[in-house]
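[1] need coordinates for the following:
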Amino acid sequence: MGSAVITARAAATFDPVGRSVATARAFVRDTLQGWGYTDIVDDAVVLTSELVTNAVVHAGTAADVLCLRTELGVRVEVSDHYPEREIPLQSTRLDFGSPDREGGRGLLLCAALASRWGVEYTPAHKQVWFQLDLPERPVGIRSAGPLLPIDLLPVADERVRVAVVQIDHSGSIAGWNDDAAFLFGHTAEQVTGKQLTDFTAWPQTPGTSTGIADALQLSRWEGSYGIRGADGRTIPVYASHLRVRDTQGEPSTVCLLVRDHERAVLQSPVRAPVTDAGSESRKTDPFEVFIGSPAPDDLDGLLQRTVERARDMLDADSAFLLLATDDETELEVRATTGLPSARQRFARVPVEAGTGRYGSARMPAVHEDLTVVPGAVPLLSDTGMRSVVTVPLKVEGRLTGSLGVAAESPGRYTNEEALRLQFAADRIALAVESARLGELERLRRGSLSFLVEASDLLAGTLDRDQTLALMAQMTVPTLATWCAVYTIADQSSEPYLSYVLHEDEELIDGLKALLSKISPPDPVPTPGARVWAAPSAAAHEAALRASMRSLGRDQPDGLGSGMRTTLATAAAVGGETVVLPLVARNRVIGMLTLGKPSDDHFRQEILELAEDLSRRAALALDNARLYSERMAISQSLQRSLLPPGLPDVPNVEIEVIYRAAGEGNEVGGDFYDVFPIRDGAYGFAIGDVCGTGPEAAAVTGLARHALRLLAREGFGGPAVLERLNAAILDEGSRSRFLTLLYGELWPQEDGSALLKVVCAGHPLPLRLRQDGTVEAAAEPQPLLGVIEDLELYEQTVTLDPGDVLLCVTDGVTERREGTRMLGDDGLADVLTGCTGLTAGAVAGRVLRAVERFAADPASDDMAILAMRVPEPPAV
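    Below is the predicted model of the structure:
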């Protein structure tokens, strides 16, 4: 210590067992606090912890700890009895490697925190010592901080109210100022003479300790508790207590109280000594003192380091850290140590977990025996932990998390440990919140990208089965390990298991079989994810039954395949399972079920992302349903507008090919019909109604049925079409113009066929003779549905044996490729090459020619009607 005078000393020896490290920390802390060296106690405890760990854990020897006090500071010496370990020479540049490895970390901390340090050898032991100097402050200044921008200053109300409460030696209230009356609603007359404990909500298990009374006896105390207001609510406050005595020597305690979110008004600086401009005094970051330097650069690493340091600091058996959700209603487990796997990450507990104030995570709490208040800390249920201390993590008065440590034995913790843990929590709260916000921002960016991609995929299909598959494939494995989609056909139907997917394809069949045996989840329309315990319970029960059946069986090859499948399925669905409703157009159309393997839980951000996905998926699934229903209706209507079959006409071959354009969800305007009129006479028609959809379908139905009715009433072709024209015009604004080729056919005894044809605005029918010549078989006349007084005439055509009559709609002649169009001439060229072909072959060749004319699919409906008079068989 040089020329410094030693004014006090304290020494202790610690056995080479793991618990000695915590005992050594407590020894140094108690010693330095007793000497009044609170400014350097934390650094001393950290350094002692590392050096004693090296001795009792790594060297495996007893450790001797000696504390020496001077006016300038303190020197701590830690000795072990294993001198063979190599120590770097101080005269050389030190390189201790990574601060996260075990070897050399204590010396690295000495170099970082101590004013001076060194290593000494004797034949019997090795000694590492460090010296911590008390901070020097200019005269008149206790502490000060740097100049800060306005937006970085602590947040407080427009008028800060500081309650001043004086407590006499018996614990009764002797003074109560106006701000106290304003903050808590009690007047001075109402509280004077009453015990302070009647109004405090102290973080201590009721009936086990009088924590507030202990705090009032201390010379100084600072921390958080609650005051019960006149309205019965507990108001969190931050308090600073000072024990004083009056001129008569009578002691009392002065308590300064502010709202907890304004704690910066009273809170003592952690360690911010003011030094001269030229001072070379080292500056220590309180956060790094607790966490260690360098701090982990990721949130998970930071949280895990925090719980490990908190456990070591209070010599606990376990520790845990939970982060609050954005609405501060739930806490999510993010890091634990010393707890079973079922208490691992992402399990959630409510902020207000128990009854009254003792279950609240918003204030420090000490539970000396959890058996007295079961359920006060749900996370520790059935873990064997008896005593626990929890403290909140707060940033600007907002709850951001909770840090807790627990021990298997009762009565391990008091308010003193709560204050120490709260001090540590205050050090790391801002860093944790900053890391959490950074992680949240990355997750949100990833979520936006995920949802954009999901929306594109879902919008790219209107097929129901493909939509179901996409829903599952987007969630597995990105959001969950397995997924099941239930669909509901209508309000009276039960949910139906429509799709199951697992990231391991070999488990899909077992998972589907398991889910098929249990009742589906209730179709509750409430938004958000809800836990569904049935799959996990059913899987565990099935695994138990399979295990019991296997007892006593002789299975030399190990477990049977059925047994292995059952156990694998149980493990696959043994974790958390959640159900999200699929709601579209104010109706529950299904449920999206997501699951995790054994003991796993979903994190809140994943559930929020899944909820967003479920809304998009529900709308896509309902759109697919509506599209399928519309397509089914359209196809049914289309079939009703076409004849059920073609009649057998003697000595005449008839073939029809009909192709609807598009995806089948619109009713086309093209139609055809061939029907018997009376004995020996047949009618045929091919037409095209302007447009598509219901209006066109109405005109098509009107035309087809009117043609049959009028023809069978004995009207000739012109009269039939004139009356049809009048009926179309009678439809008014719902009418559509119509092109129509109508004819009547009479097979003749000589093998020919007589036709009478009327072509009302339709592509002309083409006649193919045996010699290969092609000619129009009718003349163009006005179309229907436009002119009221329409006068039409019919033309007679005779088809000789081997002749073909080809009738088409404009979807054939107006087939386009760029600026080219097939047209009437192109169709005639195709027909020229059909000499000698049957009617079916002619229609097929025309269709292939139309399809090959352009690379793109046809954009218009097509109808092809071919009639051929066959040649008589050769004799």
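[2] distance check, Phe182 against Asp260.
    Phe182 sits 16 Å away from Asp260, going by CB to CB, to the nearest Å. All C-beta atoms are positioned from the backbone trio N, CA, C, and that covers glycine.
[3] which pLDDT value goes with Gly359?
    Note for Gly359: predicted pLDDT of 47.
[4] kindly confirm my reading that Asn623 is in a helix.
    Yes - counting by DSSP: H, G, I helix; E, B strand; the rest coil, Asn623 is found in a helix.
[5] show me the contacts for it.
    Asn623 is in contact with Leu462, counting by CB atoms under 8 Å, 6 or more residues apart in numbering.
[6] more neighbours: Phe182 and Asp260, which one.
    Asp260 (19 against 11; other CB atoms under 10 Å).
[7] please verify my assumption that the more buried one contacts Ser224.
    Yes - with contacts counted by CB atoms under 8 Å, Asp260 reaches Ser224, the gap being 5.9 Å.
[8] quick check: neighbours shared by those two?
    Common neighbours of Asp260 and Ser224 (criterion: CB under 8 Å, 6+ apart): Pro236, Val237, Tyr238.
[9] tell me which residues form a beta bridge with the first one?
    Listed beta-bridge partners, Pro236: Gly226 (assigned using DSSP bridges).
[10] how far away is it from Glu332?
    Distance from Pro236 to Glu332, by CB to CB: 22 Å.
[11] do the same with the second one
    Val237 sits 27 Å away from Glu332, taking CB to CB as the criterion.
[12] same question, Asp260
    Per CB to CB, Asp260 is found 23 Å from Glu332.
[13] what ranges does the stretch 451-600 of the chain have for its strands?
    Counting by DSSP state E, counting those that start in this stretch, one finds strands in the stretch 451-600 of the chain at the ranges 482-487, 496-502, 530-531, 577-584, 587-595.
[14] could you say what helices and strands the fourth one packs with?
    Same thing as strand 577-584. Secondary-structure packing of strand 577-584 (3 or more CB pairs under 8 Å, 6 or more residues apart in numbering; DSSP states H and E): strand 530-531, helix 534-550, strand 587-595, helix 604-640.
[15] can you dump the C-alpha coordinates of it into PDB?
    Output of strand 577-584 as PDB, limited to C-alpha atoms (Å, rounded to 0.1, in the frame of the first residue of the first chain):
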ATOM      1  CA  THR A 577     -50.100 -25.500 -30.000                       C
ATOM      2  CA  VAL A 578     -52.100 -22.400 -31.000                       C
ATOM      3  CA  VAL A 579     -55.200 -21.900 -33.100                       C
ATOM      4  CA  LEU A 580     -55.900 -18.800 -35.200                       C
ATOM      5  CA  PRO A 581     -59.300 -18.200 -36.700                       C
ATOM      6  CA  LEU A 582     -59.600 -17.800 -40.500                       C
ATOM      7  CA  VAL A 583     -62.200 -15.000 -40.700                       C
ATOM      8  CA  ALA A 584     -63.400 -13.700 -44.100                       C
END
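[16] gap between it and the chain center?
    Put simply, strand 577-584 sits 12 Å off its chain's centre (CA atoms, centre = their mean, to the nearest Å).
[17] again with stretch 21-40
    47 Å.
[18] pull out the buried positions in it.
    For stretch 21-40, a neighbour-count test (16 or more other CB atoms under 10 Å) marks 21-25, 27-29, 31-32, 37, 39-40 as buried.
[19] and which of the residues you listed is nearest His367?
    Nearest to His367 out of these is Ala22 (CB to CB; 19.9 Å).
[20] surely that closest one and Asp317 touch.
    No - using CB under 8 Å, Ala22 is not in contact with Asp317, being 11.0 Å away.
[21] re the thing from before, the strands of the stretch 451-600 of the chain: which one's closest to Gln604?
    Nearest of these to Gln604, taken as CB to CB: strand 577-584 at 11.3 Å.
[22] which stretches in the stretch 701-850 of the chain count as strands?
    For the stretch 701-850 of the chain, strands defined by DSSP E, counting those that start in this stretch occupy the ranges 738-747, 753-760, 766-768, 774-776, 795-799, 804-808, 816-817, 820-821.
[23] most tightly surrounded among those strands?
    strand 804-808 (a mean of 27; mean count of other CB atoms under 10 Å).
[24] using PDB, write down the CA coordinates of that one.
    The C-alpha coordinates for strand 804-808 follow below in PDB (Å, rounded to 0.1, in the frame of the first residue of the first chain):
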ATOM      1  CA  VAL A 804     -69.400 -31.200 -96.400                       C
ATOM      2  CA  LEU A 805     -71.200 -28.200 -94.800                       C
ATOM      3  CA  LEU A 806     -69.000 -26.300 -92.300                       C
ATOM      4  CA  CYS A 807     -70.500 -23.800 -89.900                       C
ATOM      5  CA  VAL A 808     -68.400 -21.900 -87.300                       C
END
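[25] give the pairing partners of it; include direction for each.
    If you go by DSSP bridges, strand 804-808 pairs up with strand 766-768 (antiparallel), strand 862-868 (antiparallel).
[26] I'd like those strands as CSV, with mean pLDDT and distance to Cys834 appended.
    CSV is the format used below for these (pLDDT from 0 to 100; distance: least, CB to CB, whole Å):
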stretch, mean pLDDT, distance to Cys834
strand 766-768, 95, 6
strand 862-868, 93, 9
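[27] can I get the ones you listed in JSON lines including distance to Gly404?
    Shown next, in JSON lines, are the strands paired with strand 804-808 (distance: least, CB to CB, whole Å):
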{"stretch": "strand 766-768", "distance to Gly404": "91"}
{"stretch": "strand 862-868", "distance to Gly404": "76"}
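[28] of all the ones you listed, which one is nearest Glu503?
    Closest among those, using CB to CB: strand 862-868, at 47.3 Å.
[29] the closest one: how far from the chain's middle?
    Its chain's C-alpha centre and that of strand 862-868 lie 58 Å apart, by CA atoms, centre = their mean.
[30] how near is Pro763 to Val165?
    According to CB to CB, Pro763 and Val165 sit 102 Å apart.
[31] kindly apply the preceding question to Gln638 instead.
    When distance is defined by CB to CB, Gln638 is 87 Å away from Val165.
[32] between the two, who's got more neighbours?
    Using other CB under 10 Å as the criterion, Gln638 and Val165 rank with Val165 on top: 24 against 20.
[33] that one belongs to a helix?
    No - assessed with three-state DSSP, Val165 is strand; it does not lie in a helix.
[34] mind checking which helix or strand the closest residue to it other than its chain neighbours is in?
    Spatial nearest neighbour of Val165, excluding adjacent residues (CB to CB, 6 or more residues apart in numbering): Cys255 at 4.4 Å. Assessed by DSSP states H and E, Cys255 sits inside strand 251-259.
[35] so which elements touch that strand?
    Where contact means 3+ CB pairs under 8 Å, 6+ apart, strand 251-259 is packed against strand 163-167, helix 178-184, strand 234-245.
[36] hmm, back to that, closest to Arg530 out of the strands of the stretch 701-850 of the chain?
    Of all these, strand 816-817 sits nearest to Arg530, with 56.2 Å by CB to CB.
[37] roughly how far is that closest one from the heart of the chain?
    Distance of strand 816-817 from its chain centroid, counting by CA atoms, centre = their mean, is 49 Å.
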